[in-house]
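Peer 1: below are the sequence and a predicted model; questions follow.
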Amino acid sequence: MTEFIPPGTRFTELPSPFPMKRGGALRGARVAYETWGELDADRGNAILILTGLSPDAHAASNDADPSPGWWEAMLGPGKPIDTARWFVVCVNTLGSCKGSTGPASAAPGGDDPYRLDFPPLSVEDCADAAAHVVRSLGIDHLACVIGNSMGGMAALAFLARHPGVARNHINISGAARALPFSIAIRSLQREAIRLDPAWNAGNYDEQTYPESGMRMARKLGVITYRSALEWDGRFGRVRLDSDRTGGDPFGLEFEVESYLEAHARRFVRRFDPNCYLYLSRAMDWFDIGDCCGQGEHDTLAALASIKLDKALVIGVQTDILFPLQQQEEIAAGLARGGADARFLPLESPQGHDAFLVDFERFGPAVGGFLASLQPARHAATRIEA
């Protein structure tokens, strides 16, 4: 299958074998990343960004790739994540199809992709792979770890599994564990892909591709990424012109349907279906209690075991996929462990995806927190594999 790698992407080889949390190991695997800014002589000004399910490592334009990144308004000189001060690393998650090794990558010993022979993937595996990237850059101690959405889960796993590596954290629309509603939505997305005959138990190619299943999965996802308030404000009940309905009596009729269709069609050939399945399931499996050895459901105790100086936990009141209660729980648990943890609920109408578009709210919050930090100095703890 095709991998979709931005031109400025760099790579770090993982240890071989690279053991996976739920069994199995990867051999000859790699992780894709990009960087911005300059690393100080004492390597204390590094920030790590961990992404949601689908973004690549190209968070913003840089010398190697001047095209705008997915977080362009947030990252760069003089921006909220100020690369005139910070050295920033963004990692493409393990299991993706955007450069890091995943089900779409060639398996060892040949040119055929792993497909469903890829080992079971966990959020913890993604965190450990990101830690190896940081270590490969000669960074012993991070000034801050930032995680968005699934990246918020991965950031918590990173902090729990690599204690002392970072003393500050920004968690944006993240969660300490998957809740039933989110699990149900992602389960339906996976079912839509698997029920497409062209999926063929993961054995598809560019000519026989589960496009319908991916379209349905993406539409369902996009509906939950935004809020009912935004859908109403953007589209209302505006109908398509008669020449855009296509003559199908049960086809597209409203502007909102046309938007979803166009958005899904842009996505389906830009993300590998098997990678989507693996990453989606990894989110459902995640529970910080299990990650920290506290036992599932003991979420606050697990979060309290993560030792930080400062944390900012941001949520959005209209987010139905990662509801506000989850960010409040993260802040409460980190505070119980002694962190100066601030919970910031934002009133953005744009739901879960607000951090990708509502920069007027997110920019000052993130920029203000980072401005209050001092670079990490004389780290006593090294990142371990």
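Peer 2: Everything's here; your move. Numbering: from 1, shown residues only.
Peer 1: going forward, measure contacts and count neighbours with C-alpha atoms only.
Peer 2: Will do.
Peer 1: center of the chain - which residue?
Peer 2: Closest to where the C-alpha atoms of the chain average out (CA atoms, centre = their mean) is G52, at 1.5 Å.
Peer 1: how about that one, nearest residue that isn't a chain neighbour?
Peer 2: Take G52 and drop its neighbours on the chain: the residue closest to it by CA to CA, 6 or more residues apart in numbering is M150, 4.4 Å away.
Peer 1: G174 is in contact with the one you found, correct?
Peer 2: Yes. When contacts are counted by CA atoms under 8 Å, M150 is listed as touching G174 (6.4 Å).
Peer 1: those two: which has the busier surroundings?
Peer 2: The neighbour comparison of M150 against G174 (other CA atoms under 10 Å) goes to G174, with 30 against 26.
Peer 1: so the residue nearest to the centre of the chain sits right up against M153, yeah?
Peer 2: No. When contacts are counted by CA under 8 Å, G52 is not listed as touching M153 (9.1 Å).
Peer 1: shared neighbours, these two?
Peer 2: By CA atoms under 8 Å, 6 or more residues apart in numbering, G52 and M153 have these common neighbours: G147.
Peer 1: show me where the protein has helices.
Peer 2: 123-136, 150-161, 180-194, 211-225, 228-235, 255-268, 273-285, 288-291, 299-304, 324-336, 354-357, 359-371 (DSSP state H).
Peer 1: and for the spatially closest residue to E72 that is not a sequence neighbour, the neighbour number?
Peer 2: Closest residue in space to E72, ignoring its immediate chain neighbours: A60 at 4.4 Å, by CA to CA, 6+ apart. Neighbourhood size, A60 [other CA under 10 Å]: 21.
Peer 1: same question for R266.
Peer 2: 12.
Peer 1: sorry, back to before: most neighbours per residue, which of the helices of the chain?
Peer 2: Neighbour counts (mean count of other CA atoms under 10 Å) averaged over each of the helices of the chain peak at helix 150-161, with a mean of 27.
Peer 1: what angle separates that helix from helix 273-285?
Peer 2: Calculated by axes from the mean of the first three to the mean of the last three CA atoms, to 10 degrees, helix 150-161 forms an angle of 60 degrees with helix 273-285.
Peer 1: CA atoms only: put helix 150-161 into PDB for me.
Peer 2: Output of helix 150-161 as PDB, limited to C-alpha atoms (Å, rounded to 0.1, in the frame of the first residue of the first chain):
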ATOM      1  CA  MET A 150      -5.000  10.700  20.800                       C
ATOM      2  CA  GLY A 151      -1.700  12.500  21.400                       C
ATOM      3  CA  GLY A 152      -3.000  13.500  24.800                       C
ATOM      4  CA  MET A 153      -3.400   9.800  25.600                       C
ATOM      5  CA  ALA A 154       0.100   9.100  24.200                       C
ATOM      6  CA  ALA A 155       1.500  12.000  26.200                       C
ATOM      7  CA  LEU A 156       0.200  10.600  29.500                       C
ATOM      8  CA  ALA A 157       1.600   7.200  28.600                       C
ATOM      9  CA  PHE A 158       4.900   8.800  27.800                       C
ATOM     10  CA  LEU A 159       5.000  10.600  31.100                       C
ATOM     11  CA  ALA A 160       4.000   7.500  33.000                       C
ATOM     12  CA  ARG A 161       6.400   5.100  31.300                       C
END
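Peer 1: just the angle between it and helix 123-136, please?
Peer 2: 70 degrees.
Peer 1: the nearest residue to I81 once chain neighbours are set aside: what's it in contact with?
Peer 2: Excluding the flanking residues, the one nearest I81 by CA to CA, 6+ apart is L75, at 4.8 Å. Going by CA under 8 Å, 6+ apart, L75 touches A59, A60, I81, D82, T83.
Peer 1: rerun that using 10 Å as the cut-off
Peer 2: W36, A59, A60, S61, G69, I81, D82, T83, V88, G363, G367 (CA atoms under 10 Å, 6 or more residues apart in numbering).
Peer 1: contact partners for the closest residue to the fifth one other than its chain neighbours?
Peer 2: If you skip the residues right next to it in sequence, G69 has A60 as its closest partner in space, 3.8 Å away by CA to CA, 6+ apart. The contact partners of A60, by CA under 10 Å, 6+ apart, come to 34-36, 66-76, 90.
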